[in-house]
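Enquirer: Sequence plus predicted model, see below.
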Amino acid sequence: LLGADGSIAATIFAEMSALAARTGAINLGQGFPDEDGPVEVLEAARAAIAEGVNQYPPGLGHAVLREAIAAHQAHWYGLGFDAASEVLVTAGATEALAATVLAFVDRGDEVVTFEPYYDAYAALIARAGGVHRTVPLHWVSEEQADGGASWRVDLDELRRAVTDRTRLVIVNSPHNPTGAVFDDEVLTTIVELAERHDALIVTDEVYEHLAFDAPHRPIATLPGARERTISISSGGKTFSTTGWKVGWLTAPAPLVTAVLAVKQYLTYVNGAPFQPAIATGLGLPDAFFTGAAAALAAKRDVLSAGLEQAGFAVARPQAGYFVVADATPLGFSDAAELCRRLPELAGVVGVPVSAFVHADRHDASRSLVRFAFCKRMPVLEEASARLAALG
Ligand code: PMP
Ligand code: GLN
């Protein structure tokens, strides 16, 4: 994790946001919205500050938020969790992931993720001394698939990756960076394998409410899953409050206790007035959630069409903030190099998918770029027009 001189490499997101700031390019790199979320949520934070909710919350999080999280899991997914013992509020999904990995992974334990993977997983597994095994998501080109390019998990590869050495399987559906949603066959296979090999499932569902084609299906709802699953989410994406860093996990009480043991010495607690505000958000009418997903789907369509018109091959995402595009048809085989030059070539910033894979797997993603579409429509239209200059 440290360079030979003791330096740390900035995350790809920080690096690309700095590149955008330096060049004035449109930042479709780091995933954060350029508009505020629901006014009720913003107002609730102001009110909480005014009411004096400004000191340390309880270690598990404010009761009003834990109750709202439990109610949300019951309302949307039919999952029952006890707000007093099965819900833990964290400093973003990131801390939930960190405390979970540090709680359960000992030196030499294996952790399975799907590749490309969100970069924090690799760093956390390495920090815990774990061994990181990956299952590739394969890009299926438009010629190979009906209805456009997409992503596919090979179930045999999945079965080979999970063994008695596996401590955790980290699932991320909807998936960053691809925007893929895992189907029931993949989810069921993960649960069967976790049961067979007595592994825990950690599911990162931060994009749960940004699913465009079908309602989100949490893996914890599958038979046999709940008792061995830690479900992680965050208010950042759902309420466009990525900087508030209010996340949470739901899991059986003994698992929550194990994670809390680690978490209490990481941050202890965070975000006092933001916690009741996120509780307000979780209680908004269903129409807020479906409306936000529909608005984002329209943005997905605009940027995907813009990228296609510019000459990229695009796998249209089913969910989330991001679309992955293949630059090969434009004559660019190295996306990392293209991303460094993109501000100058087109005034746009994207992230190379190679940032989300093991170094020895770069070939499979060499020409792929991730673009964020969680931006205002005119920004996406302008970015599309600029990218057309590449052709
Ligand atoms: N998991 C995934 C898949 C993400 O994309 C992100 C960040 N956008 C996170 C976790 C981190 O979430 P948070 O900002 O709540 O820590
Ligand atoms: N999750 C965001 C992304 O994928 C970035 C979060 C971060 O900067 N660490 O772009």
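Expert: The structure has been received and is ready for your questions. Being a predicted model, the structure only gives us computed values, none of them experimental. Ligands and ions are numbered 1, 2, ... in the order given.
Enquirer: which residues touch Leu187?
Expert: Leu187 makes contacts with 171, 173, 217, 219, 222, as judged by C-beta atoms under 8 Å, 6 or more residues apart in numbering. For the C-beta atoms, the positions are set from N, CA and C on the backbone; glycine is no exception.
Enquirer: next one: Glu308
Expert: Contacts for Glu308 (C-beta under 8 Å, 6+ apart) come out as Val314.
Enquirer: Surely it forms part of a strand?
Expert: No - Glu308: not assigned to a strand; according to DSSP: H, G, I helix; E, B strand; the rest coil it is helix.
Enquirer: returning to that earlier point: of the contacts of Leu187, which is the nearest to ligand 2?
Expert: Comparing these against ligand 2 with C-beta to the nearest ligand atom picks out Ser173 as the nearest, at 15.0 Å.
Enquirer: So that closest one versus ligand 1, what's the distance?
Expert: The gap separating Ser173 from ligand 1 is 10 Å, by C-beta to the nearest ligand atom, to the nearest Å.
Enquirer: what do you get for Tyr118?
Expert: Tyr118 sits 4 Å away from ligand 1, going by C-beta to the nearest ligand atom.
Enquirer: any idea what sits nearest that residue, other than its immediate chain neighbours?
Expert: Nearest residue to Tyr118, sequence neighbours excluded (C-beta to C-beta, 6 or more residues apart in numbering): Asn176, at 5.0 Å.
Enquirer: unless I'm mixing things up, that neighbour is touching Phe322, no?
Expert: Yes - proximity of Asn176 to Phe322 meets the contact threshold set by C-beta atoms under 8 Å, at 6.2 Å.
Enquirer: Pull up the overlap in contacts between these two.
Expert: Counting by C-beta under 8 Å, 6+ apart, the residues touching both Asn176 and Phe322 are Gly31.
Enquirer: What about the contacts of Leu187, which are in strands?
Expert: Among the contacts of Leu187, the residues falling in strands (DSSP state E) are Val171.
Enquirer: Going by distance to Met16, which of the contacts of Leu187 wins?
Expert: Nearest to Met16 among the contacts of Leu187: Ser173, at 24.2 Å, using C-beta to C-beta.
Enquirer: So the residue nearest to Tyr118 belongs to a strand, correct?
Expert: No - assigned with three-state DSSP, Asn176 falls outside any strand and is coil.
Enquirer: Can you report how many residues neighbour it?
Expert: For Asn176, the count of nearby residues is 24 (other C-beta atoms under 10 Å).
Enquirer: do you know how far it is from Val269?
Expert: Asn176 is 26 Å from Val269, where distance means C-beta to C-beta, to the nearest Å.
Enquirer: Ala319 too?
Expert: The gap separating Ala319 from Val269 is 30 Å, by C-beta to C-beta.
Enquirer: same thing with Val246?
Expert: The spacing between Val246 and Val269, counted by C-beta to C-beta, is 11 Å.
Enquirer: ok and the residue in the stretch 51-200 of the chain nearest ligand 2?
Expert: As assessed by C-beta to the nearest ligand atom, ligand 2 sits closest to Asn176 within the stretch 51-200 of the chain, at 5.2 Å.
Enquirer: Pull the contacting residues for that residue.
Expert: Residues in contact with Asn176 (C-beta under 8 Å, 6+ apart) are 31, 118, 206-207, 320-322, 356.
Enquirer: Nearest to ligand 1 among the contacts of Leu187?
Expert: Using C-beta to the nearest ligand atom, these come closest to ligand 1 at Ser173, 9.7 Å.
Enquirer: ok, for the closest one, nearest residue in space, not its chain neighbours?
Expert: Leaving aside its chain neighbours, Ser173 sits nearest to Phe182 (4.0 Å; criterion: C-beta to C-beta, 6+ apart).
Enquirer: Helix or strand: which one has that neighbour?
Expert: Under the criterion DSSP states H and E, no helix or strand holds Phe182.
Enquirer: Okay, and Leu187 sits in which element?
Expert: Assignment of secondary structure by DSSP H and E places Leu187 within helix 184-196.
Enquirer: gap between the lowest-mean-pLDDT helix or strand in the chain and the chain center?
Expert: Lowest on mean pLDDT, DSSP states H and E among the helices and strands of the chain sits helix 362-365, with a mean of 82. Relative to its chain's centre, helix 362-365 lies at 21 Å (C-alpha atoms, centre = their mean, to the nearest Å).
Enquirer: Convert the C-alpha atoms of it to CSV, please.
Expert: Output of helix 362-365 as CSV, limited to C-alpha atoms (Å, rounded to 0.1, in the frame of the first residue of the first chain):
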residue,chain,number,x,y,z
HIS,A,362,-5.1,-5.4,-17.0
ASP,A,363,-5.4,-7.0,-20.4
ALA,A,364,-9.1,-7.7,-20.0
SER,A,365,-9.9,-4.0,-19.2
